[in-house]
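Undergrad: curious how this folds, go ahead:
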Amino acid sequence: VLYHLTQLALTATPRTTSYSVQVKKHDESLQKNAEETVICLDSFEEAARNCTELPEISLNTSNVLKMKDNKVCLILNSVAISVFRRPLEENNKWRVSYLSGLSFAENKRDFPCSMFTKPIILPVVHLATKQQHRLLHTWYGKKLHNHMPIRTFKSQRTVKMELEQNPPFMSRIKKWFGLSSNIRMGLVPELKGSDYEKLKQIFNNTEVTADEQKRIKIAFVEGYESGLQRQMRGRTNAWLKIMLNILTVSTIILVIWLYLSYPGGGIFKLPMSHRIEIDPEDIHVTFNDVKGVDEAKQELLNVVEFLKNPDKFSALGGKLPKGVLLVGPPGTGKTLLARAVAGEAGVPFFHVAGPEFDEILVGQGARRVRDLFRAAKEKAPCVVFIDEIDSVGAKRTNSILHPYANQTINQLLSEMDGFRQNEGVIVLGATNRRKDLDKALMRPGRFDVEIYVNKPDYLGRKEILDLYLARILTHEIDTDYLARCTTGFTGADLENMVNQAALRAAIDEADYVTMKHLEHARDKVLMGPEGKLKLRDEEVNRITAYHEAGHALVAFYTKDATPLHKVTIVPRGPSLGHTSYMHEKDVYHITKSQLLANMDSMMGGRAAEELVFGPEKVTTGASSDLAEATKIAETMVKIYGMSEKVGFRSIVENKKLFGNNNTYAPSTNEIIDNEVKRLLQESYERAKAILKMHAKEHKQLAEALLQYETLDADDVAAIANETGLSKRESSADSKRSSK
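TA: I've put the predicted structure just below:
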């Protein structure tokens, strides 16, 4: 409406000339009346020197521009000094007060003489000083007339611009919600009384024809309706924006509230596990499913009896054990035993892993321990199983870097045997790092029973193999042989071997799992995954064959060495070849002669390379062999007391974070190093002597490896005894003929 009113007012009101047009006409009139007089340079300098009044005439611009070395600026400065008679010292600039100039141009451009502020002279001064402005500041270091006071003021327009550019916080919130005064104001301002008067004058104008008045009225009505529609649309958009913003904020608050109030999650309620409690019906594991750990089963059977008939023991004055600690190597069945206890007793089973207590927030571990035992007390009698308890029950520290590190273990100690007794709650803990546990956690009253879960022996392995083989389809399986040739395997290793055999049989599209598949799976677990083919580089295969043949022959001819199992030049894992050894029976201790024999077997590969290819052609393939031999020699000297010079002492390294870890004298360390070096050198010489004595067998074994790629212990024995590989050759010929 305002726009249409303005247009109508302009049509009715005669237009006035703008200010710029008036100034232009005034300048033209002055130019016509002015005399054509020109001031030369000498007159300009004389006027500046004497500060005389200059006539209001035009200067010769070309003459002024010819002045060099800032002559114009220096002349103007001298005029300023002579007019105001002020000293140039900076300390005296506050002693004189100054008045405003006669014009805005004089105050703006800092020229004190009014005669130089005329519109004709200012462009000349500007052109003369424009190119030398930077050099002028370099000379003076500050403005020429810094004594002039500067007064600033704000207009309403400036305040509005500043508020728009940097609005206050509340104004931003109001604007975001659509509650700002600018938005609430209508897009169409109210009509004033003067506007009505102008409209009446337009409509009552007799000079305007009836047709024109009609068009004016139509234009006014259309403009007014358009303004009302824009106003209504603006109000609708504002309310829509407000509702959308309110809905967005409400949705965010609702999501955060649901996330925090969820009974198992949230940033302050992190879940201990997906299901902290496992009902007895969900546990189908019993002691019949646990094989090879008869001693541990017998100890845990007493715990199960406590849980089933607590009155039987309390009648005699006995108390339920507070905790049972299961200690043993990985894969021996500690977790399986804990599940079997809950399954046999038919009580609730709480399973928590030790690392789940650790969180980024301080105090979360202690809170989780409290929540766990609170839930366990409500379900008593029950079993609480903490797997990998060493991560939460490690030795307490006095480090100032982490003063809250002991809160979790302190809470665990308090819950297990504190002021409040936990009747009917038995804690089972499993770890393979018993030495790292805190002593307070190991005392009676917390973990009353400690059970060591060993690797299964021959009978245990046979029972485990019978258990897992009964779950798959097999044909003509010799479990006695498999139990003998899997010495050192844990229950997890045996389960993995049976599973790998079943997968291999499925790949070969066999109807049953046979001994061939099980032996292949055993070699895979023992030596690593088998490569598809040997390397195509003949030189590399030749070096690998002589290297592995050296290992095999030294082990074959050395007394008390670990019996040879298989040798191959097919890549196994990261190695180009592999020689595996296997004990014929369970090993409970190792003698000194066995350790020396194993060292000789490790040195056989490097000795073979040196004898066959020369000292300069030895390779890096013996790095792992040397590391293993060095480890055996160091344990013999430092731990087992098998060195005459070092004596019967056990040297344990003090592992500190900072400082010297060695607590022995330098002479003692030198003796230890010399003994280790002596053992390794003597072992290397013995291996070289064996290979020199059996060079013929060494060459034959290497050629057989190049031909057959993999040989077992019987094949190596046949070559060493010079009986030949007749059986293998006949089988190979039959395979070729069948192909």
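Undergrad: from now on I want contacts and neighbour counts done on CA atoms only, so please keep to that.
TA: Fine.
Undergrad: state the distance from residue 664 to residue 672.
TA: Relative to residue 672, residue 664 is positioned 11 Å away (criterion: C-alpha to C-alpha, to the nearest Å).
Undergrad: which of these two has more neighbours?
TA: Taking neighbours as other C-alpha atoms under 10 Å, residue 664 and residue 672 compare with residue 672 leading, 19 against 10.
Undergrad: what's the closest non-adjacent residue to residue 455?
TA: Leaving aside its chain neighbours, residue 455 sits nearest to residue 490 (5.4 Å; criterion: C-alpha to C-alpha, 6 or more residues apart in numbering).
Undergrad: that neighbour reaches residue 457, doesn't it?
TA: No: the pair residue 490 / residue 457 is not scored as a contact, 9.2 Å apart, by C-alpha atoms under 8 Å.
Undergrad: in stretch 667-681, what counts as buried?
TA: 672, 675, 676, 679, 680 (16 or more other C-alpha atoms under 10 Å).
Undergrad: who touches it?
TA: The contact list for stretch 667-681 (C-alpha atoms under 8 Å, 6 or more residues apart in numbering) reads 599, 629, 630, 633, 634, 637, 638, 643, 645, 646.
Undergrad: could you redo the last one with a cut-off of 10 Å?
TA: Stretch 667-681 is contacted by residues 596, 599-600, 603, 626, 629-638, 643-646, 651, 662-663, 666, 683-684, 687 when judged by C-alpha atoms under 10 Å, 6 or more residues apart in numbering.
Undergrad: and the gap between residue 632 and residue 320?
TA: Remark: distance between residue 632 and residue 320 (C-alpha to C-alpha) = 46 Å.
Undergrad: same check on residue 166?
TA: For residue 166 relative to residue 320 (C-alpha to C-alpha), the value is 72 Å.
Undergrad: over to residue 378?
TA: From residue 378 across to residue 320, the span is 17 Å (C-alpha to C-alpha).
Undergrad: now do residue 248
TA: Counting by C-alpha to C-alpha, the gap from residue 248 to residue 320 is 57 Å.
Undergrad: ditto for residue 589
TA: The spacing between residue 589 and residue 320, counted by C-alpha to C-alpha, is 37 Å.
Undergrad: parallel or antiparallel, list what pairs with the helix or strand that contains residue 384.
TA: Assigning secondary structure by DSSP states H and E places residue 384 in strand 382-387. With DSSP bridges as the test, strand 382-387 is paired with strand 349-353 (parallel), strand 425-431 (parallel).
Undergrad: switch those strands over to CSV; also include mean pLDDT.
TA: Shown next, in CSV, are the strands paired with strand 382-387 (pLDDT from 0 to 100):
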stretch, mean pLDDT
strand 349-353, 84
strand 425-431, 88
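Undergrad: okay, the ones you listed in CSV with mean neighbour count and distance to residue 715 next?
TA: Below are the strands paired with strand 382-387 laid out as CSV (neighbours: other C-alpha atoms under 10 Å; distance: least, C-alpha to C-alpha, whole Å):
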stretch, mean neighbour count, distance to residue 715
strand 349-353, 22, 49
strand 425-431, 25, 43
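Undergrad: tell me how many other residues surround the closest residue to residue 593 other than its chain neighbours.
TA: Counting by C-alpha to C-alpha, 6+ apart, residue 560 is the residue found nearest to residue 593 once chain neighbours are left out, at 6.5 Å. Using other C-alpha under 10 Å, the number of residues around residue 560 comes to 16.
Undergrad: equivalent analysis for residue 476, please.
TA: 9.
Undergrad: show me what contacts the nearest residue to it once chain neighbours are set aside?
TA: Spatial nearest neighbour of residue 476, excluding adjacent residues (C-alpha to C-alpha, 6+ apart): residue 514 at 6.6 Å. For residue 514, the contact set (C-alpha under 10 Å, 6+ apart) comprises 473, 474, 475, 476, 477, 478, 501, 502, 505.
Undergrad: could I get the full set of strands for the stretch 151-300 of the chain?
TA: In the stretch 151-300 of the chain, the strands defined using DSSP state E, counting those that start in this stretch lie at 277-278.
Undergrad: now tabulate the buried residues of stretch 667-681 in a markdown table and tack on distance to residue 373.
TA: Shown next, in a markdown table, are those (distance: C-alpha to C-alpha, whole Å):
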| residue | distance to residue 373 |
| --- | --- |
| 672 | 52 |
| 675 | 55 |
| 676 | 53 |
| 679 | 56 |
| 680 | 56 |
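Undergrad: next, residue 710: phi, psi?
TA: Torsion angles at residue 710 (phi, psi; degrees, to the nearest 10) stand at phi -140, psi 130.
Undergrad: was I right to think it contacts residue 566?
TA: Yes: Residue 710 is within contact range of residue 566, at 7.3 Å (criterion: C-alpha atoms under 10 Å).
Undergrad: circling back to that earlier point, which of the contacts of stretch 667-681 count as buried?
TA: 596, 599-600, 603, 626, 629-630, 632-638, 643, 646, 651, 683-684, 687.
Undergrad: in helices only, show me these.
TA: Among these, the ones falling in helices (DSSP state H) are 596, 599-600, 603, 626, 629-630, 632-638, 683-684, 687.
Undergrad: hang on, the earlier thing: mind listing the shared neighbours of residue 490 and residue 457?
TA: residue 292.
Undergrad: hey, what's in contact with both of residue 664 and residue 672?
TA: Counting by C-alpha under 10 Å, 6+ apart, the contacts common to residue 664 and residue 672 are residue 651.
Undergrad: so which helix or strand takes in residue 489?
TA: Counting by DSSP H and E, residue 489 is found in no helix or strand.
Undergrad: what's the answer for residue 329, then?
TA: According to DSSP H and E, residue 329 maps onto no helix or strand at all.
Undergrad: quick one: it and residue 492, what's the gap?
TA: As judged by C-alpha to C-alpha, residue 329 and residue 492 stand 11 Å apart.
Undergrad: what does residue 581 give?
TA: From residue 581 to residue 492 the distance is 20 Å (C-alpha to C-alpha).
Undergrad: what's the answer for residue 438, then?
TA: Applying C-alpha to C-alpha, the value for residue 438 to residue 492 is 28 Å.
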